[in-house]
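[1] Structure, please.
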Amino acid sequence: MRTLIAAALLAALPLSANAAEGLSYNYVEAGWTQVEVDGIADPDGGYLRGSFLIGQQVNLFAGYSRVSESFGLGTTRVKYEQSQPEFGIGYHQEFSDRLDFTADLAWLRLEAKARVTGAGGSGSASDDINAGRATVGLRGKPSPRTELWTKAGYIDGSDVDGSFVGVLGGQVSFTRNWGLVGEVEVIEDSNFYRVGVRASF
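    You can find the predicted model right below:
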């Protein structure tokens, strides 16, 4: 009986390891995000994003984030809000069982609003920017329960000067489907921080 149990466990081990080592491009993710603009402001809020495979090596992805911050300047009160929807398409090529090359193209829109109130009255202003972003990078699994990715690229648009984009992120998996993710994205003088929970399927 013990021999049969041991044989069954040994037969199941490779299957479990392969399932844990796979890189999933089907997931939904949500969490906390903060934008740091060259020491001027650091609004925070939440974000939601996801990815879905439409082919063996091609995926669509989308996301939305919203941050805000309120602060005082003497007798004046300022409330700043920023939202960013994005949509894109990605490609990946397997280098090995644990390492992929990735390439992404995305459209994004940055919408900013500021409202000022004080003894002298109140006022508001808003602006929006449309841009395109292209990145290439690597995504891999150092171990069955950890994942790392890095990307570098370029962002440009009609209302924004071309800038370098750098991304570094990682995930620690609790189960086959659930994990904790963290990511830092750098665009010129702005840093974007994200910490969330990802459900892969």
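[2] Just to check, Q57 is in contact with Y91?
    Yes. Contact criterion C-beta atoms under 8 Å: Q57 and Y91 qualify, at 5.9 Å. Any C-beta I mention is one placed from the backbone N, CA and C, and that applies to glycine too.
[3] partner strands of the helix or strand in which G196 is found, parallel or antiparallel?
    If you go by DSSP states H and E, G196 is part of strand 190-200. Here strand 190-200 is paired, per DSSP bridges, with strand 27-37 (antiparallel), strand 178-187 (antiparallel).
[4] Give me the distance from that strand to the chain's centre.
    The chain centroid and the centroid of strand 190-200 are separated by 5 Å, computed with C-alpha atoms, centre = their mean, to the nearest Å.
[5] buried ones in that strand?
    191-192, 194, 196, 198, 200 (16 or more other C-beta atoms under 10 Å).
[6] now the strands paired with strand 190-200 in a markdown table, with mean pLDDT, distance to S70 and mean neighbour count?
    Compiled in a markdown table, the strands paired with strand 190-200 are given as follows (pLDDT from 0 to 100; distance: least, C-beta to C-beta, whole Å; neighbours: other C-beta atoms under 10 Å):
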| stretch | mean pLDDT | distance to S70 | mean neighbour count |
| --- | --- | --- | --- |
| strand 27-37 | 95 | 15 | 18 |
| strand 178-187 | 96 | 24 | 16 |
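[7] Now do the strands in this protein.
    27-37, 44-53, 58-73, 76-96, 99-118, 121-143, 146-157, 160-173, 178-187, 190-200 (DSSP state E).
[8] angle of the fifth one against strand 190-200?
    Note on geometry: by axes from the mean of the first three to the mean of the last three C-alpha atoms, to 10 degrees, strand 99-118 and strand 190-200 are set 120 degrees apart in direction.
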